[in-house]
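Participant: sequence first, predicted coordinates after that:
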Amino acid sequence: MNVTLSIDGKKVTVPEGTTVLEAAQQAGIFVPTLCHYEGLPPQSECRLCIVEIKGGRGLPASCTLPAKEGMEVATCSERVLEARKFLLQLLLCAHPADCKTCEKHGRCELQKLLSDYGVRDYENPMRARKQLVDKSSKAIERDLVKCVLCGRCVRMCRDVQTVGVYSFACRGLDSAVTTAFDKPIAETPCVSCGQCTIVCPTGALSEKESIDDVWTALQSGKHVVCQVAPSVRVSIGEMFGLPPGTIVTGQLVAALHRLGFAKVFDTDFGADLTIMEEGKELLEKLKEGKPLLSTSCCPAWINFVERFYPELIPQLSTTKSPQQMFGAIAKTYYAQKAGVKPEDMAVISIMPCTAKKMEAARPEMNASGAGRDVDFVLTTREAARMMMQAGIHLPSMQPEGFDEPLGEASGAGVIFGTTGGVTEAALRTASEVYAGKKLDKIEFKQVRGFDTLREATVEINGRKVKVAAVHTLGAARRILDEMKEGKAPYDFVEVMACRGGCVGGGGQPIPSREKRIEAIKARQRAIYAVDASLPVRKSHENPAIKKLYKEFLGEPGSEKSKKLLHTKLSPSKGYGV
Amino acid sequence: MTALVFRIGVGTCGLSAGAAEVRRALEETLAAEGAAKSGSTVKGVGCLGLCFAEPLVEVGGVLYGRVKPEDARLIAKAALEGEAVAAKALAKRDKCVLKGAEKVPPLSSQPFWALQFRDAFENCGVVDPKSIDDCIAAGGYEGLRKALKLKPAEVVAQVKAVGLRGRGGAGFPTAIKWELCAKAPAGEKFAICNADEGDPGAFMNRANLEGDPHKVLEGLIIAGYACGAGKGFVYVRAEKPLAAQSVKTAVEQAQAKGFLGKNILGSGFDFDVEVRLGAGAFVCGEETALIASIEGKRGMPRARPPYPAEHGLWGKPTNINNVETLAHVPNIFRRGAEWFAARGTAKSKGTKVFCMTGKISNTGAFEVPIGITLRDMVFKIGGGIPDGRKFKAAQSGGPSGGCLPESCLDLQMDYESLSEAGAIMGSGGLVILDDSTCMVDVARYFLTFTQSESCGLCTPCREGTVRMLDVINRIADGKGKASDVEELQRMGRIIRDTSLCGLGQTAPNPVLSTIRYFRAEYGEHVKGKKCPAGVCRMGAKK
């Protein structure tokens, strides 16, 4: 059933159940919001999306108001504008006026609305709002005083990720978004996915910055190399005003060279290596008749299993993530080849992810014995900021190629950047290498897309293998619970914690209001376009990988591989109780 | 010697006035006099609503007020000899078995009683709330028996016909709520009794649950039957332990008697009730916040629609009624629709309990026909203003309500009239203020309450009430600006228009209504920098 209503004089027809806010959006009217966010259940906390309904009482929030037949809605009547401006002034009453030094300066949604609505004067008594800066996490930082209590992080963490680190607490002026017992984030079950930093409209939540550390490393005289994750090449352009999904691989490599990295390598190389090892693991699990829970690529997912499903750790792939594979190989194989001692090296990652910061700091990630395999991790956002600091305008760079020998990658490595990509890459290799059957069609479109769960059944070695690709941890929880009840007979499950996989990672550029989900989808399309454009599209056909096994590792699953490329996962206690 | 029943009010109000000691004195005296042989007993009952007279003892048709333990001994000895202690008596019932009570005024002649009509409270202060048999003897569960003989839709129709309106605040027609829930797609449904009473100055729900929990429970069972619910909850504040214990005991007894459980009274209707304690947040009286709290979540409201009748507890259709609403239900069936609808106004039938506190001679909970004038409430039932002072205003409806001035004394106390006057019926709290009160200070008091009880979710309620409070504090401190009163009205209007739930939407009411009726007093604070009542400190160091 459809309903037709009029919004600011414009007739709009929408399916019954659509909210007035969504209907307005369809009519091209973007009613301002701070608490509403696509994909999160609406809560109507901020009240900025108020509208006036002819013949209605008060000014209801449009984000939770169902569109009704014949409704006459005004989104910017005098009464609405007056109230909206007052609400913005109210938000400022308890918000610090330190915009110029804020991480979100220029990208803050509150700041933009203040400017849009011409809020020039306000009282800022800055009453005793809880002051708390929490730097305990290796991935994210909180500055509570900047919190406007929009609750997006609460809903993202609780409803989408089902981790539930944040919650509203206290009443009246003391109201705050807090963790349980006010524990520092590091002492909560936070999985470091960083989705809260994406949805936070202000500077209350941000990634833990490593920019200064990287500058120091670059100027330390060490041999500093970097690796770039697949999804960064299709998103970093947004930080420089390019549309989401613009492929800037060559410019990105050139910019990183300009920043001073001795070598710019490709994490896709690590991804190809992951497939070699994980493909082998899959075959072994199939023989045992047990499912393999991939992918170790996503550290937030690994954290999630360790905290919430420790009993499933034996099912979890032991293969390291591409970042950590790369780090291990860089400080062993590459160090040997380049004639550098691992202690004189620094490996920097450019990642779409905040959880990678935590992963790199795990004590077991020390394959070379010289300390951390990956020294510092920069998110896409930080990498772009570093370029800006260095006066680099990425879109203007002349494209350059990745360096040898860890810069060569296949299309299979590239698609790791999206949900379903690891599954598809694994299927390409498992079908050919381990089942010995040349594929006619290498694209497994059943596992592509944006639905939270996509599944496919493929034949390997005459056995039907049921695979599933899932994104968001809430969806993963549903699948895991079903598997525990024996209702989901999958042989291989790929989980990516963030919406869309790494393309929607917690360290990615924050999409503009109009393109929150569309930006992630555009990046996803770009990932597949990069894959399609490459001459080599299967991990096992990557010549650099072949060479690595021949010269250094032996074969997938060898003693050396096990030592360098596999890891051990252990249960985590969450709150320590 | 005939068997006498010594009723002693042991509700929260009685106990806090010393009823426990009085009860002990009565029991000791009865024991010493060997009264057990004659069958005379002491019965702890709920509250008659006459708080001003607590501790209250009733024996042989004579009521004694403000009874001290030594009075109790005297009263008990005399009563056992068939005598009243006239000098200590408050009033007598029409049927009085004690001698020497000739000069004691009849209860029916006392204005605080004569103007009352007791329906929800009919058994409060009369029956032993701990005894289901006592309650049954007083007509308990008779309404349920009759209702279960009807089809659920007929139950709804009867409640609709008498025009019962919600007694918890807004006066929404109860039958419409029931109907919405009944018409929601079949499946699991819930019925909830809202006993989260949190207004300062309102205690009728507590008194009802303490004095006659079975009546409320009976109403809830009938509501559950009408709505098609299989499970009910009573959500009581943990701060009202006596009420919570009383209703818990009642539930157990009703289960044992077959009024709850499977196939109630052979009707085929299954219904059970669980008592849940609330941790004492004002906002949990709001139905969606209350639901969240029962679900084990933080008690915070959510936007409506969807209404609980469609999407309530655990996403299932849910009906929520206030304690007093439910307490009116049994008699609609037991005594009939005509009986119920014989009182009240055209738009609001029946009776309403008002709790009068503040500067009033007779404090207490009084059940009166809807539509009684404020003047009758204050000067007849309430006995006027003590200490020779003048009536200044009545704050109706608690922190969400408004202040009614002297010019409103002839206002009818019904939903529409109160709302037009800028107040609300609310739960029925009436705080009476005399001429020693400063209206700016009153507004400040109530706003401080709502501000600190804001759940913090929505911007206008969380931040806006604080901004209003800033301005009021400034005025009370002698630093008000000429534009402040207009600014308060502007802020109040926007907060009312934009808040998520009833708490925020009504939070500005005390300010707006005091400005409406006492603007000159604000003016004196702002322009003259003085507080006519001498309450505000006007810049003096605290």
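Facilitator: Good, I have the coordinates. Only a predicted model underlies this, so the values are computations on that prediction, with no experimental measurement involved.
Participant: show me what from chain B comes close to chain A.
Facilitator: Residues of chain B lying close to chain A by CB under 8 Å from any CB of the partner chain are B:281, B:283, B:298, B:300, B:302-303, B:305, B:451-460, B:462-467, B:470, B:490-491, B:494, B:496-500, B:505. C-beta: built from backbone N, CA, C; applies to glycine.
Participant: can we see that at 7 Å?
Facilitator: Taking CB under 7 Å from any CB of the partner chain as the contact definition, chain B meets chain A at B:281, B:298, B:300, B:303, B:305, B:451-460, B:462-464, B:466-467, B:470, B:494, B:496-498, B:500, B:505.
Participant: and these, which of them are in helices?
Facilitator: Per DSSP state H, helices hold the following members of those: B:451-453, B:459, B:466-467, B:470, B:494, B:496-498, B:505.
Participant: of those, buried ones?
Facilitator: B:451, B:453, B:459, B:466-467, B:494, B:496-498, B:505 (16 or more other CB atoms under 10 Å in any protein chain shown).
Participant: now do the residue lying closest to residue B:298 once chain neighbours are set aside against residue B:300, distance only.
Facilitator: Spatial nearest neighbour of residue B:298, chain neighbours left out: residue A:168 (5.9 Å); criterion: CB to CB, 6 or more residues apart in numbering or on different chains. Distance of residue A:168 to residue B:300, given as CB to CB, to the nearest Å: 7 Å.
Participant: settle it for me: which of those two has more neighbours?
Facilitator: More crowded of residue A:168 and residue B:300, by other CB atoms under 10 Å in any protein chain shown: residue B:300, with 23 against 20.
Participant: quick one: low-confidence parts of the chain?
Facilitator: Unless you meant another one, I'm taking chain A. A:126-129, A:574, A:576-577 (pLDDT under 70).
Participant: other chain: chain B
Facilitator: Across chain B (using pLDDT under 70), the flagged ranges come out as B:1, B:540-542.
Participant: leaving out chain neighbours, which residue sits closest to whatever residue of it ends up closest to chain A?
Facilitator: Chain B approaches chain A most closely through residue B:456 (2.3 Å), counting by CB to the nearest CB. Spatial nearest neighbour of residue B:456, excluding adjacent residues (CB to CB, 6+ apart): residue A:175 at 2.3 Å.
Participant: coming back round to it: what does the helix or strand harbouring the residue nearest to residue B:298 contact?
Facilitator: Of the helices and strands defined by DSSP states H and E, residue A:168 is found in strand A:166-169. Applying CB atoms under 7 Å, 6 or more residues apart in numbering or on different chains, the contact partners of strand A:166-169 are A:151, A:153-154, A:157, A:175-179, B:298, B:300, B:456-457.
Participant: turn those into CSV, including distance to residue B:530.
Facilitator: Listed next are the contacts of strand A:166-169 as CSV, based on distance: CB to CB, whole Å:
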residue, distance to residue B:530
A:151, 45
A:153, 49
A:154, 47
A:157, 53
A:175, 36
A:176, 39
A:177, 43
A:178, 44
A:179, 49
B:298, 44
B:300, 42
B:456, 36
B:457, 39
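Participant: can you point out the buried residues in stretch A:531-546?
Facilitator: For stretch A:531-546, by 16+ other CB under 10 Å, it's A:531, A:536-542, A:544-545.
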